[in-house]
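How does the following fold in three dimensions:
(chains A and B)
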Amino acid sequence: DSGVTQTPKHLITATGQRVTLRCSPRSGDLSVYWYQQSLDQGLQFLIHYYNGEERAKGNILERFSAQQFPDLHSELNLSSLELGDSALYFCASSVGLLAGGEGEQFFGPGTRLTVL
Amino acid sequence: EDQVTQSPEALRLQEGESSSLNCSYTVSGLRGLFWYRQDPGKGPEFLFTLYSAGEEKEKERLKATLTKKESFLHITAPKPEDSATYLCAVQETYGNTPLVFGKGTRLSVIA
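Numbers count the residues shown, from 1 in each chain, chains lettered A, B, ... in the order given. Below is the predicted model of the structure:
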């Protein structure tokens, strides 16, 4: 158990819908990262928040957005869902601002999103 | 061009048959190289961080090494419970760059 929690574990929805994925980081970790994992693309970085502020963006679609709240939990919002958005979505957390050298990333169990 | 390339894509070993997984990377400056283990349907589990060429780290049957262009994950006398996908990730030195992951090596250890 990494100490990172994600809800829900599974989500099945229809195209065009909007969903929210939730992540609680390990106690004491200030950084939260979101990743998307699909069979063909591997693990792709989406976005990084540190202590409530956005710090880095990867290949995140405009239909996707995220935020980190004062209690440090984070939410990833996915809207106008398409079939291709079906994937595993992982949240990870680390102590410091930088992923490496100041703390390794610890991953949650993921949310499996299925868009029908 | 991929920054991180892992080989082989899949590896099947008999129990006790030692082998190595490879992770080659192309970054201008390396802050850290990370190894993770991922079981099906679960989140990656952190194994090691390597920072500089020549560095080695060990954990049970696993040993990770780092050169200037690649890292190896050596598995000694593997057991069926070592079956998993092993992911390698790198982070560049400059700025707050995210981890870049390879596509992984899927390891199967047969009893």
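
helix, strand or coil for the residue positioned nearest the centre of chain A?
By C-alpha atoms, centre = their mean, chain A has its centre lying nearest to A:Trp34, at 2.8 Å. At A:Trp34 the chain is in strand, as set by DSSP: H, G, I helix; E, B strand; the rest coil.

pretty sure it is touching A:Ala66, no?
Yes. When contacts are counted by C-beta atoms under 8 Å, A:Trp34 is listed as touching A:Ala66 (5.9 Å). C-beta: built from backbone N, CA, C; applies to glycine.

anything in contact with each of these two?
Common neighbours of A:Trp34 and A:Ala66, using C-beta atoms under 8 Å, 6 or more residues apart in numbering or on different chains, are A:46-47, A:60, A:74, A:76.

quick check, nearest of these to A:Cys23?
Taking C-beta to C-beta as the measure, A:Cys23 lies nearest A:Ser74 of the shared contacts of A:Trp34 and A:Ala66, at 4.7 Å.

Tell me which stretches of chain B form strands.
B:4-7, B:10-14, B:19-25, B:30-38, B:45-50, B:56-59, B:62-66, B:70-75, B:84-92, B:100-101, B:105-110 (DSSP state E).

And for chain A?
Using DSSP E, strands in chain A cover A:5-7, A:10-13, A:19-24, A:31-38, A:42-50, A:53-57, A:64-68, A:74-78, A:87-94, A:106-107, A:111-115.

Which elements pack onto the shortest one?
Okay, so that is strand A:106-107. In terms of contacts (3 or more C-beta pairs under 8 Å, 6 or more residues apart in numbering or on different chains; DSSP states H and E), strand A:106-107 is packed against strand A:87-94, strand B:45-50.

Would you format the shared contacts of A:Trp34 and A:Ala66 as TSV with pLDDT included?
Below are the shared contacts of A:Trp34 and A:Ala66 laid out as TSV (pLDDT from 0 to 100):
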residue	pLDDT
A:Leu46	95
A:Ile47	95
A:Ile60	92
A:Ser74	98
A:Leu76	98
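
where in chain B is pLDDT low?
Residues of chain B meeting the criterion pLDDT under 70: B:1-2, B:94-96.

Write out the residues of it neighbouring chain A.
Residues of chain B found near chain A (C-beta under 8 Å from any C-beta of the partner chain) are B:31-32, B:34, B:36, B:41-46, B:49, B:51, B:87, B:89, B:91, B:96-104.

can you list the strands of chain B in TSV and add mean neighbour count?
As requested, the strands of chain B are arranged in TSV below (neighbours: other C-beta atoms under 10 Å in any protein chain shown):
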stretch	mean neighbour count
strand B:4-7	19
strand B:10-14	14
strand B:19-25	18
strand B:30-38	22
strand B:45-50	19
strand B:56-59	12
strand B:62-66	20
strand B:70-75	19
strand B:84-92	23
strand B:100-101	21
strand B:105-110	17
